[in-house]
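Enquirer: Need coordinates for the following:
(2 chains)
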Amino acid sequence: MSGYIVRRLFQALLVLFGVSIIVFIIIHMLPGGPRALLGPKSSPAVVHAFIVANGYNRPIYIQYWHYLDKLLHGNLGYSYHFNQTVNSLLAEDLPKTGVLVGLAVVLAILASIPLGIVQATRRNRPLDYALTGAAFVGYSMPTFWLGILLTLAFSVSLHWLPPEAPQGATVGAVLQQPSGLVLPVITLAVVSIAGYSRFMRSSTIENMIQDYTRTARSVGDSNSQVLFRHVLRNSLLPMITLIGLSLPAVVSGAIVTETIFNYPGMGLLFWNAATSHDYPVLMGTTLVVGTATVLGNLIADILYAVADPRIRYT
Amino acid sequence: MRLPDFLSGVVLPRRLSAQGAGDVAVDLDVPTRTAEPDVSYDQSTWRLVLRVFIQSKLAVIGLIIIILMILFSFVGPLVYHTNQVQVNLTQVTRAPSASHLLGTDDLGYDVLGRLMAGGQSSLEVGLAAAVLASVVGTIYGAISGFVGGWIDGLMMRVLDSLLALPSLLLVLVVASIVTPTIPVLIGVITLVAWLVPARLVRGETLAIRTRPYVEAGQAAGAHVWRLIARHVVPNVIGIVIVQTTLAVADAMLLLASLGFLGLGPPPPATNWGAMLSNGLNYIYDGYWWLIYPAGLCIVLTVISFNFLGDALRDAFEVRLRQR
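Expert: Numbering: from 1, shown residues only, chains lettered A, B, ... in the order given. Coordinates of the predicted model:
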């Protein structure tokens, strides 16, 4: 198994390298140039000074090399717009997005496991159909539309919850206003619940028809014993992989959710950077998210390898 | 029922289908499971696919809604004439009435007419991006799987790297810097949508490559392109059709999110996401006609394409099962 882990690590490294190249290429292919940033009427001298100061007159591979060099020293660049290092911006906003994404994923897991099991044990009955329909709707609903509907219902009409997310600068400050977190977390979790619960349903049904389940029944285990001791354990395993793979989608959702509720996280930072052409922030954020995804998948794969002894790695 | 888009197309890690653990991967509705792809699509199999498809109520409902939406968007303006070019500041945010069936928005545009105009661009972008992504993905996946070796490894790592980045992030970067006209929107959505079909087709191609008739072709000296065109493409057409249908749904959701983030087409053009985003400014004013109709259009269309894709997958799987 250690061979597998080493190979997997090597692959993850390659992918990380690929992520850095892709981010670099995309940003450099885009039109705009310094004038988009310095203003359309900036003088040629200023533009030239800017180009030289940032090394944009060097060949592209040299630029990439310098970029990679800085990156490997943990330097993500300097934000034109916020006049701050990208590192400090991310250090401030990333943990807050971490809280939002973390809570949403935990909620999604807690909700979708029982939903999937209920659907699997009552499959092709009215409850299963109803939940399938709900999953279809949840899955086809744009995140922001769901956020708007929830805000209209629970903030505008019922006045139960605040329409805006907590505005603290730190994670601690955000957590001190838990009522403001309820709507954003639910908004972000619904799509994942729709996906995870379908997965859980399929996975549970698949294990319910396995030989070992039949054996357990034949030796006299009760329904719940079979379900919890044999079926559930095995059907939970692939969820590890699923959660790792779903990270990019959840982060996409977080960008939208943060914009709806004005949650001061990385998504909102990214959106602001995109609208103000703040390339270093765009590159830094994309890179950090890409790295988190690659690491998340790596951890999920290794966890899976440890958790399921049936798998042999060759 | 399909898996979330982050999974459809993700060929589940090889270990899931490995010995002993194969049980957990089965019936996860991952389209790659349609192994055994080397069946020719002669007339009778297409007829079988069609029959199973028609039997699915959801598919028929989905198809009807899609046809209605296309008629509404493209034929509707011929019946219901509105001015979608000039603003009319004397008729701003009027409630629905006989002259404006769904009221007017904050620039005086008729909302029902705007829904039609927005539907045109939403459907055009969704369909074009999905088809383009499938074509690009099929070619990329077929080459990667067929050529194999280090080229395959390299091509797959490129795919992995792109898949590690949230699609909205990539699309947002490009759309915020280039003016998001319809061709640009099609381009940026294709940029993220071709990854899943590429993965799928590559997986299928790996299996097809080892078939005797392909080896025979190789031995006879057929060129790689000819082998791909004659043997790979016809065998993956089923999963590609399914994937394209589902990709339309994803593309329209992505487009709506972009519209919401303020990256809709330049005025006076619009799409449903941009309309909804605009209506959001009046969330506290009670102008429901600016918020609900556009949202409903998006959800209905997306859900219909999901129904359709799901039913098509079942139909193609039945074809495989009956063999």
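Enquirer: going forward, measure contacts between C-alpha atoms and count neighbours the same way
Expert: Will do.
Enquirer: and whichever strand or helix holds B:N278, what other elements does it pack with?
Expert: Element membership for B:N278 (DSSP states H and E) is helix B:272-279. Counting contacts by 3 or more C-alpha pairs under 8 Å, 6 or more residues apart in numbering or on different chains; DSSP states H and E, helix B:272-279 is packed against helix B:111-147, helix B:233-260, helix B:292-321.
Enquirer: Looking at that helix now, give me its mean pLDDT.
Expert: Helix B:272-279 shows a mean pLDDT of 82.
Enquirer: how far does it sit from the chain's center?
Expert: When C-alpha coordinates are averaged (C-alpha atoms, centre = their mean, to the nearest Å), helix B:272-279 and its chain have centres 20 Å apart.
Enquirer: same deal with stretch A:296-313?
Expert: Counting by C-alpha atoms, centre = their mean, stretch A:296-313 is centred 20 Å from the centre of its parent chain.
Enquirer: re earlier: output the helices and strands packed on helix B:272-279 in TSV; the columns should cover mean neighbour count, distance to chain A and mean pLDDT.
Expert: Below are the helices and strands packed on helix B:272-279 laid out as TSV (neighbours: other C-alpha atoms under 10 Å in any protein chain shown; distance: least, C-alpha to the nearest C-alpha, whole Å; pLDDT from 0 to 100):
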stretch	mean neighbour count	distance to chain A	mean pLDDT
helix B:111-147	24	14	88
helix B:233-260	24	6	85
helix B:292-321	22	5	80
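Enquirer: Name the residues of the helix or strand harbouring A:L295 that are buried.
Expert: Using DSSP H and E, A:L295 sits within helix A:279-307. For helix A:279-307, a neighbour-count test (16 or more other C-alpha atoms under 10 Å in any protein chain shown) marks A:279-302, A:304-305 as buried.
Enquirer: on that earlier part again, and the angle for the helix holding B:N278 with helix B:292-321?
Expert: If you take axes from the mean of the first three to the mean of the last three C-alpha atoms, to 10 degrees, helix B:272-279 sits at 150 degrees to helix B:292-321.
Enquirer: Run through the residues that contact the closest residue to B:V52 other than its chain neighbours.
Expert: Among residues not flanking B:V52 along the chain, B:A315 sits closest, at 5.3 Å (C-alpha to C-alpha, 6 or more residues apart in numbering or on different chains). Contacts here follow C-alpha atoms under 8 Å, 6 or more residues apart in numbering or on different chains; on that basis B:A315 touches B:L48, B:V49, B:L50, B:V52, B:F53.
Enquirer: Filter these down to the ones in strands?
Expert: Among those, DSSP state E puts none in strands.
Enquirer: could I get the residues you listed as a markdown table with neighbour count and pLDDT?
Expert: Output for those, formatted as a markdown table (neighbours: other C-alpha atoms under 10 Å in any protein chain shown; pLDDT from 0 to 100):
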| residue | neighbour count | pLDDT |
| --- | --- | --- |
| B:L48 | 16 | 72 |
| B:V49 | 23 | 72 |
| B:L50 | 14 | 74 |
| B:V52 | 18 | 72 |
| B:F53 | 22 | 71 |
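Enquirer: Quick check: the two most widely separated of these?
Expert: In the contacts of B:A315, two members sit farther apart than any others by C-alpha to C-alpha. They are B:L48 and B:F53, at 8.4 Å.
Enquirer: which stretch of helix or strand covers residue 150?
Expert: Since no chain was named, I'll use chain A. Going by DSSP H and E, A:L150 is in helix A:143-151.
Enquirer: could you do chain B instead?
Expert: helix B:149-163.
Enquirer: now the helix or strand following that helix against helix B:149-163, angle please.
Expert: Downstream of helix B:149-163, the first helix or strand assigned by DSSP H and E is helix B:167-177. Compare the direction of helix B:167-177 with that of helix B:149-163 by the same axes, to 10 degrees and you get 70 degrees.
Enquirer: as a whole number, average confidence for helix B:167-177?
Expert: 79.
Enquirer: can you tell if it touches chain A?
Expert: Yes. Remark: helix B:167-177 sits within contact range of chain A at B:S167, B:L168, B:L169, B:L172, B:V173, B:V174, B:S176, B:I177, by C-alpha under 8 Å from any C-alpha of the partner chain.
Enquirer: which outside residues touch stretch B:111-124?
Expert: Under the criterion C-alpha under 8 Å, 6+ apart, residues B:69-70, B:72-74, B:76-77, B:80-84, B:100-105, B:182, B:252, B:255, B:269-272, B:275, B:289-290, B:293-294 lie in contact with stretch B:111-124.
Enquirer: Noted, bye for now.
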